[in-house]
Every structure is written in structure tokens, then in C-alpha cells.
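Asks: What follows is a predicted protein model with its sequence.
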Amino acid sequence: MFDILLIPAISGAVALAIGIKSRNKEEMAIRKVFRNMKVGAMEGKGFVFPKLVATEKKADRTRYVYRVPLGLTKKTLEPVEEVLEATLDRPVEVTFKKWLYIEVFHNEIPKKVSYSSAPTKNGWVVPLGLNERGWHFHDFDKTPHCTISGTTRFGKTVMLKNIMTYLIEHHPDDIEFIVLDMKGGLEFGKYKNLKQVVDVASSPVEAFHALGRVKVFMEQREALFKQNGWSNVVNTSIQKRLFVIVDEGAQLAPDRFMTKEQKDMLAACQHTLGEIARIGGALGIRLIFCTQYPTSDTLPRQVKQNADLKITFRLPTGYASQVAIDDYGAEELPSDIPGRAIVKTHEKILVQAPFISDDEMMKRLEVHRIEKVERREADRKTAEDTIHFE
Ligand SMILES: Nc1ncnc2c1ncn2[C@@H]1O[C@H](COP(=O)(O)OP(=O)(O)OP(=O)(O)O)[C@@H](O)[C@H]1O
């Protein structure tokens, strides 16, 4: 609801007076920015600036609405958001659709957010992070694949653990994971005995075998889908989903110093990852591919092309950012805030990713731990059925 801007004749509560004062300060600053940046257009004989017609106060932001002179271009407005953010020292969003909307957010993006504060949501969704607008979630049934990039120690593995914990807590009976932990199994080996974890591969050879099993499963699934005339798992009664997580995908990239045998094995891994990205989504497989070094060699083309969610933490160069999210920006993320990420879909947003410690993850998932004998039994069943989904 818009509040037509009226300065009250009698200022009641002090808080209100302070609110108005600071709003006035904001308005004045915005007006000065318009003048200094010549945001406006010629009308008749004079240069006309946008005119404030309404303000809308919300819990988290103030929205200023301007009538703009005819002929104001989007190009003129492009730098305004950045300048206002620096001037007001607040997150600002500028949109222009007949009216010019300037939203000034009251809060900064928090520097740390705990996993436990993420709201519960139904569906195949996970919390990606919080920003001044609230929580942002991702729906893996709408966008099945994702890449996560970022220099060492900025939050990739913690993000994977968030995703894994949230999905297990919300779909304990319907989710399965195959984790290719190319950090020698150090990060995910400890979760091997969870009921939902089918396999944790900790070397390229193990990854090759694990991906081989996914390939067989995909072929069986394809046949089943053809037989039933299905085209996408979301339109079937199949409840289960298989998540393939690759932590440090660069380790699966062939290198010229390798033997031919090693190169062939990794080429096969790359090929299967490409197939999962290309056709696995429709069949119920979701791929999450993480890498420290996003280059055209380490991030397989098919994976990048089919991953419509791209998350990046800080990266060293604009070039790496371009490879990771097709845009600059990751090189400018703060160097002192781990967990600060850019989420790129059809739009680009900044979030603070939730933090979960190993201890908390272990505690939350302890109930799903199964004994070694059961694990062997589960493995045997898995090998027989080759990841059996009904
Ligand atoms: N979302 C977060 N919020 C706050 N701190 C975080 C967050 N994510 C990571 N950190 C901090 O950064 C450290 C490194 O995070 P993480 O292990 O996820 O890095 P990484 O990017 O996977 O690094 P590497 O590639 O070397 O494994 C964590 O131990 C934690 O202290």
C-alpha cells in the first residue's frame, strides 16, 4: 500500500520523527544523486528530474516511487543503484517500469547465518542463504543441476553439507546420495554409514566405478521411462531422487602428465557426468558439481550448460568468475566473510549461505546411521538393484 508522502502537521512520537528525519535524509540524498548524475530528460525547454510521488514503508525497506520524465533511458539508470548503495551505505534496488522504484533496505546482509535458522519448506528445496530480502531457496525439481565454485576455504563444502543435511532431514526415505569426495574422502567419508548415502568414492578410480553404476541406473531408468511413455520424473509417481555430489571436480579432469590409462578413465568420468547433466535430470538424478578452479578444462561443458543454478563463493579473478557464473563479481566478494555467495539463475543475487558444523550435521543425522552389517546389506541390495527407485 502506498503512503502518499505527507509530512504530518504535528510530529507525534519521537520515533516517528526520527523515522521521518532519516527518510527525508534518504530522499534528499537520492534527489542529489539524480542531479549530480543528470538522471532525467528534457521536457519542453527544461531538464526534468524524477518526481517523488509516493513512499511505501515495509518492515525491511522503504520504497520510493518516482514519476519520470518521458525519454529517461534504462542506460542512464544503470549506474544509479551502485552510486546510491555507496551514498546511503545500504543495499538498494532500482527498477524502472513506467514508474521508477527505489528500494532502500534497512538491514545489511548478515555476516553469519546458522543452518538452524533456515525455515522449513516442502518439496525438493534447499536454503541457499539469507540476504536483506529474506531467505532464498532452490528447488531441485525445477532446476535439477548446480555448480558451486569458490577459492579454497570460502564455503563450498559447508554449502554441500547444508544441502545434504536439509534434504536428508526433509526426505529421509526418498533420497539417495552418491558422493565423489575427491579430497580423499576426508570430508564425506564420515557420512558413509548414513542410510541415505549409497557410496562415497574417495579416489578417481572409485569415482569411475561409482559413475559406472550411475550410468547403468540411467540406462535402466531410460528404458522404464520409454516403456511407460514418461518424459520427466516430476510427472510420475516416483518419489525418490538420486543426488550425485562431486566435491573438487578438478580432480576428475584429465591432465597431459597422466598415463593413457588414467586419461581414458577420467575421460569416461567426464563423459558420464556430461550424460547425467544432459539426460539425468528428467530421470530423477540431480548433479551438484563443486570446484575450486573453474576453467574450461575443469568444469565440463555439458555440466556447465545444463546447470541452471550456479553458485559461487569468492574467486581470485574476473576470468574465473566469468567461467563460474558467466559474469563478473565473484572476484569482488569480501575476502573476510566466508559463506558470502553469488547465486546465479535467470538473475544474480547475493546471499550469506547458512553455516553448519560437522558436529551439528552429525548430531542431526545420527538417527539415520546404520550399522556396518546393515551397510553391507544395503550395499549388496544396491549392487543387485543398481540404485532401486520405485
Ligand atoms: N556459510 C558459512 N558461514 C560462515 N563461515 C563459513 C561458511 N562456510 C564456510 N565457513 C568457514 O570457512 C571454512 C572453510 O569452509 P569450507 O570447508 O566449506 O571451504 P571450501 O571452500 O570447501 O574449501 P576447500 O576447497 O579448501 O575444501 C569453514 O570451516 C568455516 O569456518
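Replies: Looks like it arrived, so ask away.
Asks: Show me what from the protein comes close to the ligand.
Replies: Within the chain, the residues that sit near the ligand (Cβ under 6 Å from any ligand atom) are 112, 150, 152-158, 292, 338-339, 353-355. For glycine as for every other residue, the C-beta is placed from the backbone atoms N, C-alpha and C.
Asks: Can you tell me which of the residues you listed are buried?
Replies: 150, 154-158, 292, 338-339, 353-355 (16 or more other Cβ atoms under 10 Å).
Asks: from the residues of the chain next to the ligand, which ones fall inside strands?
Replies: Mapping the residues of the chain next to the ligand onto strands (DSSP state E) picks out 354-355.
Asks: Greatest separation within the residues of the chain next to the ligand: which pair is it?
Replies: Farthest-apart pair in those is 112 and 292; separation 22.1 Å (Cβ to Cβ).
Asks: Kindly give the local confidence score, pLDDT, for the residue of the chain found nearest the ligand.
Replies: Nearest residue of the chain to the ligand: residue 339, at 2.4 Å (Cβ to the nearest ligand atom). pLDDT recorded at residue 339 is 98.
Asks: quick one: it and residue 48, what's the gap?
Replies: 45 Å (Cβ to Cβ, to the nearest Å).
Asks: what does residue 57 give?
Replies: 27 Å.
Asks: Okay, and residue 245 sits in which element?
Replies: Using DSSP states H and E, residue 245 maps to strand 241-247.
Asks: Off-centre distance for that strand?
Replies: 15 Å (Cα atoms, centre = their mean, to the nearest Å).
Asks: ok, and what's touching that strand?
Replies: 124, 140-141, 156-157, 160, 164, 167, 171, 174-183, 187-188, 198, 207, 211, 214, 217, 233, 252, 273, 276, 280, 284-290, 387, 389 (Cβ atoms under 8 Å, 6 or more residues apart in numbering).
Asks: Indicate each strand paired with that strand and its parallel or antiparallel sense.
Replies: strand 175-181 (parallel), strand 285-291 (parallel) (DSSP bridges).
Asks: Quick check: next helix or strand after that strand?
Replies: Using DSSP H and E, the helix or strand that follows strand 241-247 in sequence is helix 260-275.
Asks: Give the buried residues for that following helix.
Replies: Along helix 260-275, these residues count as buried under the neighbour rule (16+ other Cβ under 10 Å): 265-266, 269-270, 272-275.
Asks: again, but for stretch 78-87
Replies: Within stretch 78-87, the residues that qualify as buried are 80-81, 84-85, counting by 16+ other Cβ under 10 Å.
Asks: Which members of those occur in helices, if any?
Replies: Members of the buried residues of stretch 78-87 lying in helices (criterion: DSSP state H): 80-81, 84-85.
Asks: Secondary structure element holding residue 210?
Replies: Secondary structure (DSSP H and E) places residue 210 in helix 204-228.
Asks: Number of residues surrounding residue 208?
Replies: Neighbour count for residue 208, taken as other Cβ atoms under 10 Å: 19.
Asks: and the gap between it and residue 291?
Replies: From residue 208 across to residue 291, the span is 18 Å (Cβ to Cβ).
Asks: just residue 129 next, same as before
Replies: 19 Å.
Asks: Check residue 107 too.
Replies: Taken as Cβ to Cβ, the span from residue 107 to residue 291 is 32 Å.
Asks: the more surrounded of these two?
Replies: Between residue 107 and residue 291, counted using other Cβ under 10 Å, the more crowded position is residue 291 (26 against 13).
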